[in-house]
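Visitor: With the input below, show me the fold.
(4 chains)
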There are 2 protein chains.
Amino acid sequence: MTLAARRVLEAAARLFYERGIHAVGVDLIAAEAGVTKKTLYDRFGSKEQIVVEYLADRDERWRAFLAQRLDTAQPTSAARVLAVFDASRAWSAKNSSKGCSMVNAHAEISDPSHPAYPIITGQKQWMLTLFTDLAGDITPDGAGHLSQTLMLLHEGALVAHGLNIFADPISHAREQAQTLLAAAENSAAKR
Amino acid sequence: MTLAARRVLEAAARLFYERGIHAVGVDLIAAEAGVTKKTLYDRFGSKEQIVVEYLADRDERWRAFLAQRLDTAQPTSAARVLAVFDASRAWSAKNSSKGCSMVNAHAEISDPSHPAYPIITGQKQWMLTLFTDLAGDITPDGAGHLSQTLMLLHEGALVAHGLNIFADPISHAREQAQTLLAAAENSAAKR
DNA sequence: GGCTCACTATACAGACCGGTATACTTTTGA
DNA sequence: TCAAAAGTATACCGGTCTGTATAGTGAGCC
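Guide: Residues are numbered from 1 along each chain as shown, chains lettered A, B, ... in the order given. I've put the predicted structure just below:
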């Protein structure tokens, strides 16, 4: 990726996230990136491709960020679940004040055959799988059930954060997750 | 509201929800409504006003739908909390297969001074207040805490439903809410 | 009958949309 | 050193965007 291409992607990412995908034109992206439209089209070919790379890049960054956080977390599965919420809180404070970019993109991309669609649904599926794997270590029988609850808390917290419904929803979700994990460990130990 | 205006609002509501607000032009709305642009502008004055009335109307319909469901629910607060989730499940099956229209609109409307902004945040605040009032009857000390958790489960379920993350997330949220309510009633009774 | 209101039909304005073409300059690496 | 790659600058394309203007039709109402 060339320097100009990187600047285009950075500008597009910021504008798409803050204003929405359809509300941002390629002329604006080029201007904000300090790049001509010629360069933009030489590198990306279409606006759609910029959208795809915006979401793919954001997905990749989030996974890398989360992986790093999980690596430094305590090695127990319960601690790692909580580390996901900690990572989301840190990530949201810096990059996601308007909520989840995948959810927001989904609001604008209706067609399931759009090339960005699998990126959006893929990230959510990946998160669910992550929760399911961790939950499986805690309560093998209730892994599906627990992971779905964690997913709802997590998604709900991101929405609540983006819409500013109440203060610090991600911490609240983390706390609730902690209660859930304790109960699951307790009931698994009894069995 | 005239007949033509109603047709415009119905067409706009469907198109805005399915394709996104910025992706739909007034020409298309007029064509789908079987109405000329002249009529459309005579009735609404601007596209922005159509957006505002679309969201306001949807908000009103949801509140009326929910109120009717709450009226026919068992009069206990716990049953009424669960009735909210039941209402959401029924509503989503019919009108909200792509998730919450307020959340989706928020993804496209960045400016807090946009006239549609207070409608979006207002509905979320109203829902939180509703949960808080009901939770207050169950556990006065923990009303804020419980209502926030219910809110996260509810919002998370709507997102999960819209993105099809897993099957029937609203029922899962309802079930989780039920567990929470039982625990809250139990701990309130002990005190 | 005459008046108003809601509506149709069509054309147009000016801006912006995504995308392309031509011509030229700068950077960079074998 | 020299050619390819990457970039700038600018003009343009057809189409669509929100919004307006002009002209006329039909129904209800006092």
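Visitor: Pull out the buried positions in the strand or helix carrying residue A:158.
Guide: Assigned by DSSP states H and E, residue A:158 belongs to helix A:143-163. By 16 or more other Cβ atoms under 10 Å in any protein chain shown, the buried positions in helix A:143-163 come out as A:143, A:145-163. Bear in mind the C-beta positions are built from the backbone N, C-alpha and C, glycine included.
Visitor: ok, and what's touching the worst-scoring helix or strand of chain A on mean pLDDT?
Guide: The weakest-scoring helix or strand in chain A, judged by mean pLDDT, DSSP states H and E, is helix A:169-190 (a mean of 91). Contacts to helix A:169-190, defined as Cβ atoms under 8 Å, 6 or more residues apart in numbering or on different chains, come from residues A:78, A:81-82, A:85-86, A:88-89, A:92, A:135, A:138-142, A:146, A:149-150, A:153-154, A:156-158, A:160-161, A:166, B:145, B:148-149, B:152.
Visitor: go with 7 Å
Guide: By Cβ atoms under 7 Å, 6 or more residues apart in numbering or on different chains, the list of residues contacting helix A:169-190 from outside reads A:78, A:81-82, A:85-86, A:88-89, A:92, A:138-139, A:142, A:146, A:149-150, A:153-154, A:156-157, A:160-161, B:148-149, B:152.
Visitor: go on, stretch A:4-15?
Guide: A:24, A:28-29, A:32-35, A:39-40, A:43-44, A:50, A:53-54, A:57-58.
Visitor: what number of residues lie near residue A:185?
Guide: For residue A:185, the neighbour count with other Cβ atoms under 10 Å in any protein chain shown is 15.
Visitor: how much space between it and residue A:142?
Guide: 11 Å (Cβ to Cβ, to the nearest Å).
Visitor: Now do the contacts for the closest residue to DNA strand C within chain A.
Guide: Per Cβ to the nearest atom of the strand, the residue of chain A with the smallest distance to DNA strand C is residue A:25, at 2.8 Å. Neighbouring residues of residue A:25 by Cβ under 7 Å, 6+ apart: there are none.
Visitor: Whichever residue of chain A sits closest to DNA strand D: neighbour count?
Guide: Taking Cβ to the nearest atom of the strand, DNA strand D has its nearest neighbour within chain A at residue A:4, 2.9 Å off. A total of 17 residues lie near residue A:4 under the criterion other Cβ under 10 Å.
Visitor: where along chain A do the helices fall?
Guide: Using DSSP state H, the helices found in chain A span residues A:3-19, A:26-33, A:37-44, A:47-72, A:77-95, A:101-108, A:117-138, A:143-163, A:169-190.
Visitor: Could you report the neighbour count for residue A:64?
Guide: Neighbours of residue A:64 (other Cβ under 10 Å): 10.
Visitor: Any figure for the gap between it and residue A:57?
Guide: Applying Cβ to Cβ to residue A:64 and residue A:57 gives a distance of 11 Å.
Visitor: Equivalent analysis for residue A:158, please.
Guide: For residue A:158 relative to residue A:57 (Cβ to Cβ), the value is 19 Å.
Visitor: What residues does the closest residue to residue A:18 other than its chain neighbours make contact with?
Guide: Residue nearest to residue A:18 in three dimensions, not counting chain neighbours: residue B:110, with 5.7 Å by Cβ to Cβ, 6 or more residues apart in numbering or on different chains. Contacts of residue B:110 were listed using Cβ under 7 Å, 6+ apart, and they are A:18-20.
Visitor: Perfect, I'm done here.
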